[in-house]
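**Q** Generate coordinates for the sequence data below:
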Amino acid sequence: MEKGGARHGAIGTKGVELVVAALFFALGALVIFDSRRLGTGWADDGPQAGYFPFYLGLIICVSSLVTFFKALTIRPERDKVFVDSAQFKLVLAVFVPTVVYVGLIGLLGIYVSSMLFIGFFMRWQGKYSWLKLGMVSVGVMGVFFFVFEMWFKVPLPKGPLEAALGLN
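**A** A predicted model of the protein is given here:
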């Protein structure tokens with residue numbers, strides 16, 4: 001343990017608060033910027049399209065500034081550990097494959113990407129046999145395909161496999 005209860009390789013609450021406040025400020029600024037493009041005033045027939053989003057963006061920016069400056073006042077001895085390196089590795093173990101999965105949806109479609117995602121986690125985390133992970137991942141996505149495509153008639157993103165099978 002170091003001064004203030006911080007551990008080596010740990011991320012403190014102060015750092016997280018500052019980063020999140022900055023990200024929310026950027027989001028609010030983007031909303032304000034785009035709202036100005038749409039019009040933020042009051043027209044003859046009522047508020048313009050950007051009126052309410054502009055004020056929501058303004059509230060987000062002000063709130064994030066308050067959070068940012070409040071976080072700046074956290075003294076080192078009061079800066080509690082938000083996440084240590086072991087916990088952060090566990091988060092990344094789920095986050096990184098999820099980002100890859102989302103990226104694969106555009107290339108392979110949602111059904112094939114989801115089968116790979118389910119199968120990957122079953123094998124990596126659960127150490128299930130190839131037969132079980134194949135049956136579960138194909139079975140689950142088969143049910144999803146039936147429910148969304150056949151029953152609800154909601155087309156989801158498809159890839160080259162579905163096109164080859166004539167399911168596009």
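**Q** can you map out the strands along this structure?
**A** Under the criterion DSSP state E, strands of the chain are mapped to 11-12, 42-43, 46-47, 81-83.
**Q** among those strands, which is nearest Trp130?
**A** When these are compared by CB to CB, strand 81-83 sits nearest Trp130, at 34.2 Å. For the C-beta atoms, the positions are set from N, CA and C on the backbone; glycine is no exception.
**Q** Give the partner strands of that closest one in its sheet and their orientations.
**A** strand 11-12 (antiparallel) (DSSP bridges).
**Q** Next, the buried residues of stretch 153-168.
**A** For stretch 153-168, the neighbour count (16 or more other CB atoms under 10 Å) marks 158-159, 162 as buried.
**Q** for these, which one is nearest Arg123?
**A** Using CB to CB, Gly159 comes nearest to Arg123 of these, at 21.4 Å.
**Q** hang on, that closest one packs against Met115?
**A** No: at 11.1 Å, Gly159 and Met115 do not qualify as touching, with contact defined as CB atoms under 8 Å.
**Q** overlap in contacts of those two?
**A** With CB atoms under 8 Å, 6 or more residues apart in numbering applied, the contact sets of Gly159 and Met115 do not overlap.
**Q** hang on, isn't Thr40 packed against Phe52?
**A** No: assessed by CB under 8 Å, Thr40 is found out of contact with Phe52, at 9.0 Å.
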